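J.: This is the structure alone, sequence omitted:
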């Protein structure tokens, strides 16, 4: 194994965009800690990864990557959503505090409450396991609304949004934070409406920061509560989600916290 001081620590605001240099590196990512980000980390051959716990949420989906990676012998940990902004790796490295660590990360000395920067340094000593992860795919789908005026599109990740989704109601499994703090990254097309998971809302309401950014573009948007739906699963956000926060455009269309996402979205699709 190379000297631990030679092992790179890479930052990636989203785990969907890892460079080849991630192979053998410790990766800090602002993405949620669900199963699919864990799969992407393993596929990139990382030495170790630190993600955001997204408030844990329904079925602890926000930390689903930890047991998945433990089974492959890959060290993984999450930072608390209450300690730093989700989607912002610079903030994560500066203020993040570890909330969960799998057995492989604990063996490298990572403990709950540890500063993210210190955890990253310790993870340089983790063994580099080039395991082949079981295939996990993100899904695009559509909800049939007979006679509806608008399509309801389900995308497990906002990275799956395409220009052809313009004018649609786009339900994502992604967190509602701004990736890298960039408003332009709030949504990749001019949808009629967009829905996100609030990732526990977190420090400085980071899990809802896409909402005002989309208001500025005239796009109705809301988040669903972490406790009500599994992050990373658009179908759960649609079927199980309960609204936690809305932007002004969504409020004008009648959405408010406490309502079921499905009922609101079907009404918007039929209007």
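T.: Perfect, I can see it now. The structure presented is a predicted model; accordingly, all values stated were derived computationally and were not measured.
J.: What are the buried residues along stretch 215-234?
T.: 215, 219-226, 228-234 (16 or more other Cβ atoms under 10 Å). Placement of C-beta: from N, CA and C, glycine included.
J.: Now for the closest residue to residue 204 other than its chain neighbours: which residues touch it?
T.: Take residue 204 and drop its neighbours on the chain: the residue closest to it by Cβ to Cβ, 6 or more residues apart in numbering is residue 85, 6.2 Å away. By Cβ atoms under 8 Å, 6 or more residues apart in numbering, residue 85 lies in contact with 30, 91, 92, 177, 181, 202, 203, 204, 206, 209.
J.: and what of residue 74?
T.: Residue 74 touches 41, 42, 46, 47, 48, 49, 104, 126, 129, 131, counting by Cβ under 8 Å, 6+ apart.
J.: how close does the closest residue to the third one other than its chain neighbours get to residue 12?
T.: Okay, so that is residue 46. Nearest residue to residue 46, sequence neighbours excluded (Cβ to Cβ, 6+ apart): residue 27, at 4.8 Å. Per Cβ to Cβ, to the nearest Å, residue 27 is found 6 Å from residue 12.
J.: Which PyMOL command selects the buried ones in the contacts of residue 74?
T.: Applied in PyMOL, the following selects the buried portion of the contacts of residue 74 according to 16+ other Cβ under 10 Å:
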select buried, resi 41+42+46+47+48+49+104+126+129
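J.: Now list the buried members of the contacts of residue 85.
T.: By neighbour count, with 16+ other Cβ under 10 Å, the contacts of residue 85 hold 30, 91, 92, 177, 181, 202, 203, 206, 209 as buried.
J.: tell me, what residue is most central in this structure?
T.: residue 32 (3.5 Å; Cα atoms, centre = their mean).
J.: Can you tell me how far the closest residue to it other than its chain neighbours is from residue 124?
T.: Nearest non-adjacent residue to residue 32, counting by Cβ to Cβ, 6+ apart: residue 54, 3.9 Å away. Residue 54 is 25 Å from residue 124, where distance means Cβ to Cβ.
J.: Looking at these two, which is more packed in?
T.: A side-by-side neighbour count of residue 54 and residue 124, using other Cβ atoms under 10 Å, places residue 54 first with 30 against 20.
J.: Other residues contacting stretch 200-211?
T.: By Cβ under 8 Å, 6+ apart, stretch 200-211 touches 53-57, 62, 81-88, 95, 175-178, 186-187, 194, 196-199, 221-223, 226, 244-247, 250.
J.: Since that was my last question, I'll sign off now.
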